[in-house]
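> sequence plus predicted model, see below.
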Amino acid sequence: MNRVFITGMGLITPVGVGTAAAWGAISDGVCGVAPVTRFDTADFKVKLAAEVKDFQAADFIDKKLVRRNDLFTHYALAAARLAMEDAGITGFPDPYRAGVIVGSGIGGLVTHEEQHTILMEKGPGRVSPFYIPMMIANMAAGLISMQYGAKGISYCPVSACATGVNAIGEAFHNIKYGILDCCVAGGSEATITPMALAGFANMTALSESPEPENASIPFDKRRNGFVMGEGAGILILESEASAIRRNAAVYAEVLGYGATSDAYNITAPDPEGNGAAAAMKMAVDEGGISSVDYINTHGTSTPLGDKAEVLAIKKAFPAPPPISSTKSMTGHLLGAAGGIETAFTALAIKNGLLPPTIGYKEPDPECDIDVVPNKARPADIRFALSNSFGFGGHNASILLGKVD
């Protein structure tokens, strides 16, 4: 079996475009939540989101690709370009041993809403011939493979908010068991749209706070829902042999992956946290360890979700490590969350810094655990987990380790 390393990353996030900008903001506790600018929210109960700022797709991809693809694909292609450049990869020795596993929880929702309006207002003859390929969630993975000539396994996991970690975990196993030498993996999402905001708000999943600093507040007793985010997190995973051959720089080693199902409810987590605990245990068991030094939590700022995750962590680890939720800064990127949060976890290990949970003011007795409140903290992090859980009861956890 092969050892697997993270050798490149590309981040398009609400707190910064590019790894240096995004990690700098996370380290400094910068909040990416602000009033929605894409459309008028006068009639909406929810007014805030974590939008990507200062992003121009044409800075990263050909203008023809910009016109013919949805925003979630723009984010994915841009993040993939940054990741490939970061890894220093210009080609693959054997393209059939290079894969792309990039998911999206929802896919081309921006396009779907725009084209539905055109259908209703102008008739079927005016619907774009690119509507279907712009909308389908696998197109980000397909276009990344075309862009870089990766001819191995290429597909799109769709498991709601667990998507990004599922993608990275599957890439890890494909390399570990010798199917691939290298894989582009992660998630992308662009769902800050009228229909999505209304839908999530009407199911009471979103915070209705008008104040950015009091909206995405994981583990705080005042939490009342998540804040929608958007962007992409793409990682380059490589086998040890491939990384050595290229003399590649390494962020962290991927050591274990766990994926389970709650089999409980379409949106609510198992209140006992059993499925989440099992996923974390699977990941650390595969890595051959029993404890970790940090967990980047799913931590969405929902009353039920945060409580269940803390309970799951206590079940998995009798002496729980420090945890934090970077969603307090980025909002919830849905299918892209696991991609950027795995990257943040790798950066936490490499830089010896625990990211903070910002906006934390009122401790919750049901979340009585060290959440690294409000300010980043230096720490020697040898092993760390990143958790992602999704509607439908999907649980995923990825274990990373320090590389000296």
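Cool, the structure landed. Residues are numbered from 1 along each chain as shown.
> neighbours around residue 213, how many?
Residues within reach of residue 213, counting by other Cβ atoms under 10 Å, total 13. Just so you know, the C-beta spots here come from the backbone N, C-alpha and C atoms, and that holds for glycine as well.
> what residues are up against the nearest residue to it once chain neighbours are set aside?
Leaving aside its sequence neighbours, residue 213 sits nearest to residue 359 (Cβ to Cβ, 6 or more residues apart in numbering; 5.6 Å). By Cβ atoms under 8 Å, 6 or more residues apart in numbering, residue 359 lies in contact with 31, 213, 214, 215, 216, 217, 220, 328, 374.
> which non-adjacent residue is nearest the third one?
Closest residue in space to residue 214, ignoring its immediate chain neighbours: residue 359 at 6.5 Å, by Cβ to Cβ, 6+ apart.
> which helix or which strand is home to that neighbour?
For residue 359, there is no host helix or strand (DSSP states H and E).
> tell me which of the contacts of residue 359 is nearest to residue 44?
residue 215 (13.9 Å; Cβ to Cβ).
> isn't that closest one right next to residue 223, touching?
No: the pair residue 215 / residue 223 is not scored as a contact, 9.3 Å apart, by Cβ atoms under 8 Å.
> residue 68: what's it in contact with?
Residue 68 neighbours (Cβ under 8 Å, 6+ apart): 130, 133, 134.
> out of those, who has the most neighbours?
For the contacts of residue 68, the largest number of neighbours (other Cβ under 10 Å) sits with residue 134, at 23 neighbours.
> now that one: how far from residue 163?
Using Cβ to Cβ, to the nearest Å, we find residue 134 at a distance of 19 Å from residue 163.
> kindly report the same for residue 29.
In this view, residue 29 and residue 163 are 26 Å apart by Cβ to Cβ.
> which residue ranges of the stretch 151-300 of the chain form strands?
Per DSSP state E, counting those that start in this stretch, the stretch 151-300 of the chain carries strands over the ranges 154-155, 182-189, 231-239, 252-261, 294-296.
> just to revisit the earlier point, buried ones among the contacts of residue 359?
Using 16 or more other Cβ atoms under 10 Å as the burial test, those include 31, 214, 215, 216, 217, 220, 328 as buried.
> nearest spatial neighbour of the fifth one, skipping sequence neighbours?
Excluding the flanking residues, the one nearest residue 217 by Cβ to Cβ, 6+ apart is residue 359, at 4.1 Å.
> correct me, but residue 52 touches residue 15?
No: look at residue 52 against residue 15 with Cβ under 8 Å: they stay out of range, at 9.3 Å.
> of those two, which one has the most company?
Comparing residue 52 with residue 15 by other Cβ under 10 Å, the one with more neighbours is residue 15, at 27 against 24.
> against residue 256, how distant is the closest residue to residue 248 other than its chain neighbours?
Sequence neighbours aside, residue 7 is the residue nearest to residue 248 in space, at 4.3 Å (criterion: Cβ to Cβ, 6+ apart). Separation of residue 7 from residue 256 (Cβ to Cβ): 18 Å.
> related to what we said a few turns ago, list the contacts for the residue nearest to residue 248?
Contacts of residue 7 by Cβ under 8 Å, 6+ apart are 87, 236, 237, 238, 243, 246, 248, 249, 250, 251.
> doesn't it lie inside a strand?
Yes: under DSSP: H, G, I helix; E, B strand; the rest coil, residue 7 falls within a strand.
> tell me who's in contact with residue 115.
Per Cβ under 8 Å, 6+ apart, neighbours of residue 115: 127, 128, 131, 135.
> next one: phi and psi at the nearest residue to the third one once chain neighbours are set aside?
Using Cβ to Cβ, 6+ apart and skipping residues adjacent in sequence, the residue nearest residue 131 is residue 115, 4.7 Å away. The phi and psi values for residue 115, taken as degrees, to the nearest 10, are phi -70, psi -30.
> okay, residue 29 and residue 163: which has more neighbours?
A count of neighbours by other Cβ under 10 Å puts residue 163 above the other of residue 29 and residue 163, at 33 against 17.
> following the host helix or strand of residue 308, which helix or strand shows up next?
Residue 308 belongs to helix 303-316 when assigned by DSSP H and E. Where DSSP H and E defines the elements, the next helix or strand beyond helix 303-316 is strand 323-324.
> so what secondary structure elements neighbour that next one?
Other helices and strands packing on strand 323-324, by 3 or more Cβ pairs under 8 Å, 6 or more residues apart in numbering; DSSP states H and E, are strand 294-296.
> report the distance from the strand it packs on to the chain centre.
14 Å (Cα atoms, centre = their mean, to the nearest Å).
> then stretch 144-159?
The chain centroid and the centroid of stretch 144-159 are separated by 17 Å, computed with Cα atoms, centre = their mean.
> between the two ends of that stretch, how far is it?
From its first residue to its last, stretch 144-159 covers 20 Å (Cα to Cα, to the nearest Å).
> mean confidence for it?
In this model, stretch 144-159 has a mean pLDDT of 98.
> okay, buried residues for that stretch please.
So for stretch 144-159, counting by 16+ other Cβ under 10 Å, buried means 144-145, 147-148, 150-159.
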